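S.K.: Pasting the sequence and the predicted model now:
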Amino acid sequence: MLERAMLLRLNLVKVIGCIFFLCSIILGADNTPIPAKQGWRLTFSDEFNRPVLNDMYWYSAYRSGRKEYFKRIGKESRWYDSNACYVIEKGILKLRISETMPLRTDKGARCVSSIQTSDHRFGGTTKEFQVLDKFAQKYGWFEIRCRMPKGSGLHSAFWLLQTDPTKQEYAEDGRRRTVGEGIVEIDIFEQLGKKCESKIIDFNVHFTKTGAYEYKMAFDPSEDFHVWALEWSEGKLIWYLDGEKIRAYEGDTPKEKMFILLGLYQGAVPGWVGPTDPNMPYPRDYEIDYVRVYARCDK
């Protein structure tokens, strides 16, 4: 009788163990703790472990508020379709350009797949607007693990932009602002697909006189995933690559909180990104493993 009870107990333990094992498979990396960062507290994280984009965090579009406003004033917004094309596979977000999506006149035409953590809507005038924040932060550590596609005409971006639409790079008349107008944007990186083989990536602090910088990598960023990070404090920006400090900037920095924009562009500025390769195979993917943001513990 005692042996039977012990056998039943053992079988119950096995069953419970199997249940926990199955749960761990189902939950997967969702339960994997994010490594602690000494001196910092985590304020935003998306590990892309859901089958669809988390709409609590992201707008699946490229600056739709600006596109609607440009339409109102009769100015071309540059993008035929600002909605993102993406897939999430095995915990990797893939901002995608395929032969037919995003919508465009032909597969080589200008297009963008983008997500962002804030947007805006103008009212009757540009003095009346609503900021639609899902996440924005002033100062901190902004980090991404990603791989970027190669190919002439492609452009992968990780940007920080001010949430106030009147303090972004386009003026109310649709004109792009210039150095000296008090508008600051942080391009943590801009990777041109034509520069992957030459291992060059661009960092920019728009619109400042000394904020543009080309960094020479030791690798082709289309071949593997790497961790890029920016530490932003008052008057100072420090870039990190795979945990190593690679660039410092001191000068004008934004005075307000910034939102995150991730984008894969094709044919955005032909003279800069190069002509779109007509023989480029599709789909082209900007692959993102995670995005994490931290604030100093004393903030």
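M.R.: Done, it's in. This structure is a prediction, so every number in the text was calculated from the model and none was measured.
S.K.: for the stretch 51-200 of the chain, what spans make up the helices?
M.R.: 64-73 (DSSP state H, counting those that start in this stretch).
S.K.: any weak-confidence spans in the chain?
M.R.: Applying pLDDT under 70 to the chain picks out residues 1-32, 299.
S.K.: again, only this time at 90
M.R.: 1-33, 35, 73-83, 124-127, 169-183, 209, 270, 278, 298-299 (pLDDT under 90).
S.K.: got a list of what residue 243 touches?
M.R.: Listed by C-beta atoms under 8 Å, 6 or more residues apart in numbering, the contact partners of residue 243 are residue 227. Just so you know, the C-beta spots here come from the backbone N, C-alpha and C atoms, and that holds for glycine as well.
S.K.: how much space between it and residue 35?
M.R.: Residue 243 sits 11 Å away from residue 35, going by C-beta to C-beta, to the nearest Å.
S.K.: which neighbours do those two share?
M.R.: By C-beta under 8 Å, 6+ apart, no residue touches both residue 243 and residue 35.
S.K.: how about the top strand by length along the chain: buried residues?
M.R.: Counting residues, the longest strand found in the chain (DSSP state E) is strand 284-296. By 16 or more other C-beta atoms under 10 Å, the buried positions in strand 284-296 come out as 284-295.
S.K.: what does stretch 49-61 give?
M.R.: Buried-residue list, stretch 49-61, by 16+ other C-beta under 10 Å: 49, 53, 57-61.
S.K.: Distance from the chain centre to that stretch, please.
M.R.: 12 Å (C-alpha atoms, centre = their mean, to the nearest Å).
S.K.: what does stretch 181-190 give?
M.R.: 14 Å.
S.K.: try stretch 281-289
M.R.: The answer for stretch 281-289 is 13 Å, by C-alpha atoms, centre = their mean.
S.K.: count of residues packed around residue 75?
M.R.: Applying other C-beta atoms under 10 Å, we find 13 residues neighbouring residue 75.
S.K.: residue contacts, it?
M.R.: Residue 75 neighbours (C-beta under 8 Å, 6+ apart): residue 174.
S.K.: Let me see the backbone angles for it.
M.R.: phi -110, psi 140 (degrees, to the nearest 10).
S.K.: host element of the residue most central in space within the chain?
M.R.: The chain has residue 262 as the residue nearest its centroid, 2.6 Å off, counting by C-alpha atoms, centre = their mean. Take DSSP states H and E as the rule and residue 262 turns out to sit in strand 258-266.
S.K.: Next secondary structure element downstream of that strand?
M.R.: Following strand 258-266 toward the C-terminus (DSSP H and E): helix 270-273.
S.K.: Buried ones in that following helix, by neighbour count?
M.R.: So for helix 270-273, counting by 16+ other C-beta under 10 Å, buried means residue 273.
S.K.: and if you look at stretch 202-222?
M.R.: 202-208, 211, 217, 221-222.
S.K.: follow-up on the earlier one: of all the buried residues of strand 284-296, which comes closest to residue 130?
M.R.: residue 293 (23.2 Å; C-beta to C-beta).
S.K.: Could you pull up the contacting residues of that closest one?
M.R.: Contacts of residue 293 by C-beta under 8 Å, 6+ apart are 42-45, 135, 137, 140-143, 260.
S.K.: Residue 112 contacts residue 102, doesn't it?
M.R.: Yes - between residue 112 and residue 102 there is a contact under C-beta atoms under 8 Å: 6.7 Å.
S.K.: shared neighbours, the two?
M.R.: With C-beta under 8 Å, 6+ apart as the test, residue 112 and residue 102 both reach residue 82.
S.K.: Over to stretch 187-200 now: how far is its first residue from its last?
M.R.: 15 Å (C-alpha to C-alpha, to the nearest Å).
S.K.: repeat for stretch 112-126
M.R.: Termini of stretch 112-126 sit 25 Å apart (C-alpha to C-alpha).
S.K.: May I see the buried residues of it?
M.R.: 112-120, 122.
S.K.: Widest-spaced pair of those residues?
M.R.: 113 and 122 (24.1 Å).
S.K.: where's the residue nearest to the centre of the chain relative to residue 251, distance?
M.R.: 25 Å.
S.K.: go on, residue 219?
M.R.: Counting by C-beta to C-beta, the gap from residue 219 to residue 251 is 29 Å.
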